[in-house]
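In: Sequence first, then the predicted structure:
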Amino acid sequence: MGRKRGLYINPKKLERAGSIQKPCMKEMVSFLNCLALNQNNDEKCVKQKELLDACMNDQAGKKKRGSWGSINYHISRLSRGGK
């Protein structure tokens with residue numbers, strides 16, 4: 001009875017994984033498709049490569065969320081009572 005042993009995929013986690021935003025995914029897929037169609041000849045995929053480079057440069061310029069600090073800071077905060 002119960003769950004069978006072996007590989008188990010949690011459907012709730014699977015749904016959440018699909019909702020993660022993946023920047024530049026469309027550009028990367030179009031560039032890889034172009035390479036596949038042209039037998040890995042990137043000279044024929046200049047437009048897609050430029051779009052991918054521009055998207056990646058835009059992503060590098062964006063600020064990421066602030067750091068949560070070190071683990072020691074949070075441990076000391078918890079030991080003080082969460083003040």
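Out: Cool, the structure landed.

In: show me where this protein has helices.
Out: Per DSSP state H, the chain carries helices over the ranges 11-18, 25-37, 46-61, 71-80.

In: can you tell me the average pLDDT over the first one?
Out: Helix 11-18 carries an average pLDDT of 60.

In: Confidence-wise, which of the helices of the chain is weakest overall?
Out: helix 11-18 (a mean of 60).

In: How about residues contacting stretch 50-65?
Out: 23-24, 27-28, 30-31 (Cβ atoms under 8 Å, 6 or more residues apart in numbering). Just so you know, the C-beta spots here come from the backbone N, C-alpha and C atoms, and that holds for glycine as well.

In: now do 6 Å
Out: Among residues not part of stretch 50-65, those counted as contacts by Cβ atoms under 6 Å, 6 or more residues apart in numbering are 23-24, 27-28, 31.

In: For it, which residues meet the burial criterion?
Out: For stretch 50-65, the neighbour count (16 or more other Cβ atoms under 10 Å) marks 51-52, 55 as buried.
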